[in-house]
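sequence first, predicted coordinates after that:
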Amino acid sequence: MFGNTIQVVLDQQSFWDAVIGTPFEKSTAPGSDIWSTSAGRLYDRIDIMNALAKYPCLEYLFKLDQDDIACAAINRTIGNRINRKGKTAREVLKLNADDWGEVKGKHIRLTPDALGIHRIARRKKLKMNMELISWCGHIRGWEAYFRQICQMMQGADIPRMMKYCQKNGLSLMDYKDHLSMMRFLGMGPQDREFLTPKNFAECHHELAVRMGDVKDTQITVKIQSRIQTGILDEYFFSAEGLTLRPAFTAAEIVSEGNYLKHCVAGYVDRYAEGGTVICFLRDDRDLKKPRYTVEFSTNGLLVQCRGFRNDLTDEAKAQKEADKERLELFWKLHRMYRNDLARMKKHERRAKVA
């Protein structure tokens, strides 16, 4: 009949019943990673089936347990790291025979970051096997840190440095910060005892102390100027027996790093110049005793909250676990406070204009 609209609804069960026995059965099964994609979260099965039908390699990747790669392709976040028109898994992943043989033989699960690191490593002719490359890219964002590490320490033994990080369980973000401090102090690839120290935590702390010693009073003036303008008001907050506040001086930041044995001193310049926000989070029962050092991005997003030795010791891990629920509630309340403060300042600006 003219003028009538017929709405067809395909529910989940009907969809799964339809794909049973087809080549799409494994990848679209209930609970599979495909539903974590943007299309899957929005229940847009048409987008998903269109991608699987258009690029048969995606189904093949799911069957090979390379789900991270396939999902990134569906989300359109993989870029040109894969060849969607490849006829074999090796061609799709842009790997040579030896690299694919290692991936297949060792059942290595790759990520988009790992594929990106693979391209950098092969272009720079770095002797890194796929197992090491996979580790370097197993966390989202580490490809960028790997790229920065290569740029900062050109001529250094990058594979040796990555093996060192893997062996010691170091985050590439923390290691990149370590190298940044070395560069600030005029160190380079020749300073091997600092590139791969026997005790990373102690060496990291030593570099932070050295950096703190070369900071001058101009930095403190810049920090206090930021506070006086009021742009850091949202970081003065108390709840759940905890108090958050911005760092007031360069010396205070260095002292915080010395006490907690981490590298916050390396962030002094960025904080003073407005490139980040460094705060202290302390227990109300002892406001003078450092507990956690916090970094926020310039738009107020929580970047990191680190305790003693970057929470790497057993004691620090236990402390962080004991504070877990309280910290989660604290950050939730802080977000609410920031939103309320932003609305209040907006109203004040409108009132002045009026």
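Arrived safely.

surely residue 15 touches residue 45?
Yes: if you go by Cβ atoms under 8 Å, residue 15 and residue 45 touch, sitting 5.6 Å apart. For glycine as for every other residue, the C-beta is placed from the backbone atoms N, C-alpha and C.

tally of neighbours for residue 46?
Residue 46 is flanked by 10 other residues according to other Cβ atoms under 10 Å.

so which strand or helix has it?
helix 45-54 (DSSP states H and E).

hang on, the earlier thing: so residue 15 and residue 45 - more neighbours on which side?
Neighbour tally, residue 15 and residue 45, criterion other Cβ under 10 Å: the higher count belongs to residue 45, 18 against 15.

for the more buried one, give its distance to residue 27.
Distance from residue 45 to residue 27, counting by Cβ to Cβ, to the nearest Å: 12 Å.

show me what the biggest helix by length in the chain is packed up against.
When the chain is parsed with DSSP state H, its longest helix is helix 324-353. In this structure, helix 324-353 makes packing contacts with strand 237-239, strand 242-246, judged by 3 or more Cβ pairs under 8 Å, 6 or more residues apart in numbering; DSSP states H and E.

count of residues packed around residue 263?
Neighbour count for residue 263, taken as other Cβ under 10 Å: 23.

tell me the confidence at it?
Predicted confidence (pLDDT) at residue 263: the value is 86.

repeat that for residue 255.
So, for residue 255, pLDDT stands at 88.

which helix or strand contains it?
Counting by DSSP H and E, the element that carries residue 255 is helix 250-260.

quick check: what element follows that helix along the chain?
The first helix or strand that comes after helix 250-260 along the chain, using DSSP H and E, is helix 268-272.

next, the buried residues of that following helix.
Buried residues in helix 268-272, counted by 16 or more other Cβ atoms under 10 Å: 268, 269, 271, 272.

quick check: the gap between the residue nearest the centre of the chain and residue 148.
Residue closest to the average C-alpha location in the chain (Cα atoms, centre = their mean): residue 141, at 5.1 Å. Distance of residue 141 to residue 148, computed by Cβ to Cβ: 11 Å.

just name the shakiest helix or strand of the protein by mean pLDDT.
Comparing helices and strands within the chain by mean pLDDT, DSSP states H and E singles out helix 38-41 as the least confident, with a mean of 63.

for the helix or strand hosting residue 117, packing partners?
Secondary structure from DSSP H and E places residue 117 in helix 112-123. The contact analysis (3+ Cβ pairs under 8 Å, 6+ apart) places helix 112-123 against helix 67-74, helix 130-136, helix 142-152.

for residue 205, find the nearest of the ones you listed.
For the helices and strands packed on helix 112-123, the distance to residue 205 is smallest for helix 142-152, at 20.0 Å, taking Cβ to Cβ.

quick one: the helix holding residue 117 to chain centroid distance?
Relative to the centre of its chain, helix 112-123 is centred 17 Å away, using Cα atoms, centre = their mean, to the nearest Å.

quick one, helices of the stretch 151-300 of the chain?
Counting by DSSP state H, counting those that start in this stretch, one finds helices in the stretch 151-300 of the chain at the ranges 158-168, 172-184, 192-195, 200-213, 217-229, 250-260, 268-272.

do you know which of those helices lies nearest residue 58?
For residue 58, the closest of the helices of the stretch 151-300 of the chain is helix 172-184, at 28.4 Å, according to Cβ to Cβ.
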